[in-house]
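# generate a structure from the sequence data that follows.
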Amino acid sequence: MADGAQTLKGSWLEKKNSLGFWQRRHFLLTPGTLIYGKDDAATERRHRRLQDDEVKSTDAAYLIKVKEFRGAELVQKGMPGDFSLDFFERKFRLRAESADEALAWVQKLRAIHDQGDEF
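Just a heads-up that it's a prediction; the model follows:
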């Protein structure tokens, strides 16, 4: 079975785009991937394709391999739910509904990275 078989975390977050605007996106974290899209239906479709070992980029959802993860941290300046994710070729500025939710995302990604099972 593919690495997308198990959802470790999922929620709506705001993602800051390259123009500085915040966009609401649905995020799913699996042991090997971070999937996000404009709606939960697109991310769920992408997740099901991972479960079926049929990874394609045809849905309106983006997939990032967790093995490219480099770090995560809470952002001190900004809103209490702000945090950043750093991947090999991309850095995300995200906003959760609360500081606790942001901390949960940071801790979950760090834990997966520290386990190193998917690398």
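# how much space between L29 and A111?
In this view, L29 and A111 are 11 Å apart by C-beta to C-beta, to the nearest Å. (Each C-beta comes from the backbone N, C-alpha and C, glycine too.)
# now L74
With C-beta to C-beta as the criterion, L74 and A111 are 15 Å apart.
# likewise for Q6?
For Q6 relative to A111 (C-beta to C-beta), the value is 14 Å.
# repeat for L85
14 Å.
# quick one: which of these two has more around it?
L85 (21 against 10; other C-beta atoms under 10 Å).
# buried residues, the strand or helix carrying the more buried one. List them.
Secondary-structure assignment from DSSP states H and E places L85 in strand 82-87. In terms of neighbour count (16 or more other C-beta atoms under 10 Å), strand 82-87 has its buried residues at D82, F83, S84, L85, F87.
# report the two of the residues you listed separated the most.
Using C-beta to C-beta, the two most remote members of these are D82 and F87, lying 17.4 Å apart.
# where does pLDDT dip in the protein?
1-5, 40-43, 45-61, 116-119 (pLDDT under 70).
# residue nearest the centroid of it?
L34 (4.0 Å; C-alpha atoms, centre = their mean).
# does the closest residue to it other than its chain neighbours sit in a helix, a strand or a coil?
Counting by C-beta to C-beta, 6 or more residues apart in numbering, the nearest residue to L34 once its immediate chain neighbours are dropped is I64, at 4.7 Å. Secondary structure state of I64, per DSSP: H, G, I helix; E, B strand; the rest coil, is strand.
# nothing else from me, thank you.
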